[in-house]
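> Need a 3D model of the sequence below.
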Amino acid sequence: MLARAVTHALVGLEPRRVEVEAHVRELAAPAFAIVGLADRACQEAKERVASAIRSAELRWPDGRIVVNLAPAELRKEGSGFDVPIALAVLAASRQIPHARLAEHASIGELALDGRIRRVGGVLAVAEGARRGGLTDLLCPSDACGEAALAGVVAVPVRHLADAAAYLRGDLELEPYVPTNGTAAPRSPLDLAEVRGQERARRALEIAAAGGHNLLLGGPPGTGKTMLARRLPSILPRLDDERALEVTRIHSVAGLVDPAHPLVVEAPFRAPHHSASTAAIVGGGPRLRPGEASLAHHGVLLLDELAEFQRPALEALRQPLEDGVITVARAAGTIRFPARFQLVGTMNLCPCGARGDPNAQCSCSAQRLARYKDKLSRALLDRFDLVVAMPRPRATELAAEPGESSHAVCERVSAALDRLRRAPPGRTSDADDFLTRAVERLGLSGRGRARVGRVARTIAALAAADAVNVEHVAEALSYRAPDELAR
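Predicted structure coming up:
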């Protein structure tokens, strides 16, 4: 007998409908085959499904079982097909009704004892089910909050026996009811913990208000990483549309917190400098989003920027301009959103002594040149704000705590609101000043545009009606200093 269950496969971030067809021939020799371009995790479902059905005290069909994952040309990856395969087999062996199963989509991994485990991509599968006209989704109980974000009725199931009893009508499962709940706690890091470095703190505030890329350079121990890690603490929460976009990406990566499924804080990602190009921009054998996409509408921190592989850094140039990463393979092209804010920190030389008046740099000219060559001029040109951080004085380290993140965040939010409602325009004097600066400093067209955007952010922070000469002058002061000049 033939039966069908509905689920979805993920192609990048997009769900594609998959019909799980199960055919049971009772009088044939016992066998179990899964066809339809299934990867190894899908093929291993044969053992999990058989064990889970027996553990749920349901009947394992005697005979030949063939499961087809249609469409056959679409590659199926992961263990999320376990539950739909098991339900299709149960329907084909007349243990649950076909019509009732057809009204639900399903997703989940099976344990050998029949328990149903959560998998990544539940939100995307729920969105695919809703677009396909299915309003009910059978999913692991700890993934219901994630599924409910798509507007479907999330039916929580903890065990395969519960799912079978529910579909037979023997068990009433209460659908998950979304609640506002409590938002995830904000990062405990606070800007007040940073002593001194007023210029770098000011650059951090400008970067937060305008979404500008920021590069902090200086000797070790000057607070570069400490300052960069506190950028998320002065960023406002995401609006509903952006929060859903970010949650969708984190869902596919399996990073959603079951207790707080909707990501409302700007994401912060800080990969190690040994990360590969695929880890940074996405791709790999399973075409998953990389760190740049996981930082969508948030911050991507590259600590010790010059230690990253040059191909990985150069791969960020295109998404920094377009806000999207396009991964092209022979089988097709996948686009990952990646509108992130790049923050980099680095020493000024390989030994770290350059820029420190109390230390002597031991780097040769050749070694220093190789170090600088890791960062192309094109990449450096994409940093709107570049700050060389000196070693703080003893009096600064012993001073009282500085301004808190909460106070700075209020100013940042007010500036963002001004920029959205009515961005200030440049005065004629500011335009003339910027034109002269372009000639004297040799700024590129991109550099000129970025100086203009930074000046506009500075004017918004000052609640000015227009961008004046002093705003442009401050923006120009954040171009690459002599220590980082190419």
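> Show the average pLDDT along the helix or strand where residue 4 lies.
For residue 4, the host element (DSSP states H and E) is strand 2-11. Summarised as a single mean, pLDDT over strand 2-11 is 95.
> Next SSE downstream of that strand?
strand 14-25.
> Would you mind checking the average pLDDT for that next one?
95.
> Report the contact partners of the closest residue to residue 451 other than its chain neighbours.
With sequence-adjacent residues excluded and distances taken as Cβ to Cβ, 6 or more residues apart in numbering, residue 451 is closest to residue 475, at 4.9 Å. Heads up, the C-betas are built off the backbone N, CA and C, glycines and all. Listed by Cβ atoms under 8 Å, 6 or more residues apart in numbering, the contact set of residue 475 reads 451-452, 454-455, 458.
> switch the cut-off to 7 Å
Listed by Cβ atoms under 7 Å, 6 or more residues apart in numbering, the contact partners of residue 475 are 451, 454-455, 458.
> Please tell me how far the one helix or strand it maps to is from the chain's geometric centre.
Here residue 475, judged by DSSP H and E, is contained in helix 469-476. Taking the mean of its C-alpha atoms, helix 469-476 sits 34 Å from the chain's own mean (Cα atoms, centre = their mean, to the nearest Å).
> Just the CA trace of it, in PDB.
Output in PDB follows, covering the C-alpha atoms of helix 469-476 (Å, rounded to 0.1, in the frame of the first residue of the first chain):
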ATOM      1  CA  VAL A 469      32.200  71.600   8.000                       C
ATOM      2  CA  GLU A 470      33.100  70.400  11.500                       C
ATOM      3  CA  HIS A 471      31.200  67.200  10.900                       C
ATOM      4  CA  VAL A 472      33.100  66.500   7.700                       C
ATOM      5  CA  ALA A 473      36.400  67.300   9.400                       C
ATOM      6  CA  GLU A 474      35.700  64.800  12.200                       C
ATOM      7  CA  ALA A 475      34.700  62.200   9.600                       C
ATOM      8  CA  LEU A 476      38.000  62.800   7.700                       C
END
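> Number the chain from 15, please
Noted, 15 is the first residue going forward, which turns the last one into helix 483-490.
> Select the helix or strand of this protein having the lowest average pLDDT value.
helix 408-411 (a mean of 78; mean pLDDT, DSSP states H and E).
> Just after that helix, pick out the following helix or strand.
Downstream of helix 408-411 (by DSSP H and E), the next one is helix 419-435.
> Pull out the buried positions in that next one.
When neighbours are counted by 16 or more other Cβ atoms under 10 Å, the buried residues of helix 419-435 are found to be 419, 422-423, 425-427, 429-430, 432-433.
> Could you dump these into TSV with distance to residue 183 and pLDDT added?
Shown next, in TSV, are the buried residues of helix 419-435 (distance: Cβ to Cβ, whole Å; pLDDT from 0 to 100):
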residue	distance to residue 183	pLDDT
419	54	93
422	58	95
423	52	95
425	59	96
426	55	96
427	52	96
429	58	96
430	52	95
432	58	94
433	56	94
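> Tell me the one of those nearest residue 33?
Nearest to residue 33 among these is residue 430, at 45.8 Å by Cβ to Cβ.
> can you pull the contacts of that closest one?
So residue 430 contacts 223, 250 (Cβ under 7 Å, 6+ apart).
> Likewise for the one 3 residues further on?
Contacts of residue 433 were listed using Cβ under 7 Å, 6+ apart, and they are 471, 474.
> Distance-wise, check the residue most central in space within the chain relative to residue 362.
Geometric centre of the chain, nearest residue: residue 308, 1.4 Å, by Cα atoms, centre = their mean. Distance of residue 308 to residue 362, computed by Cβ to Cβ, to the nearest Å: 29 Å.
> What ranges in the stretch 365-500 of the chain fall below the confidence cut-off?
Low-confidence segments of the stretch 365-500 of the chain (pLDDT under 70): 494-500.
> mind listing the strands for it?
399-402 (DSSP state E, counting those that start in this stretch).
> ok, how many other residues are close to residue 47?
For residue 47, the neighbour count with other Cβ atoms under 10 Å is 12.
> so how far is the helix or strand encompassing it from its chain's centroid?
Using DSSP H and E, residue 47 maps to strand 45-49. With Cα atoms, centre = their mean as the basis, strand 45-49 stands 36 Å off its chain's centre.
> next one: stretch 27-42
For stretch 27-42, the distance to the chain centre is 32 Å (Cα atoms, centre = their mean).
> In that stretch, which residues are buried?
So, applying 16+ other Cβ under 10 Å, buried residues of stretch 27-42: 27, 29, 31-32, 34-38.
> just the CA coordinates of that stretch, formatted as PDB?
Output of stretch 27-42 as PDB, limited to C-alpha atoms (Å, rounded to 0.1, in the frame of the first residue of the first chain):
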ATOM      1  CA  LEU A  27      17.700  29.200   3.400                       C
ATOM      2  CA  GLU A  28      14.700  28.400   1.100                       C
ATOM      3  CA  PRO A  29      12.400  25.500   1.900                       C
ATOM      4  CA  ARG A  30      11.500  23.100  -1.000                       C
ATOM      5  CA  ARG A  31       8.400  20.800  -0.600                       C
ATOM      6  CA  VAL A  32       9.300  17.100  -0.400                       C
ATOM      7  CA  GLU A  33       6.700  14.300  -0.500                       C
ATOM      8  CA  VAL A  34       7.800  11.300   1.400                       C
ATOM      9  CA  GLU A  35       6.200   8.300  -0.400                       C
ATOM     10  CA  ALA A  36       6.200   5.000   1.400                       C
ATOM     11  CA  HIS A  37       5.200   1.700  -0.300                       C
ATOM     12  CA  VAL A  38       4.800  -1.500   1.700                       C
ATOM     13  CA  ARG A  39       4.500  -4.900   0.000                       C
ATOM     14  CA  GLU A  40       3.600  -7.300   2.800                       C
ATOM     15  CA  LEU A  41       4.200 -10.600   1.100                       C
ATOM     16  CA  ALA A  42       7.600  -9.800  -0.300                       C
END
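> No further questions, thank you.
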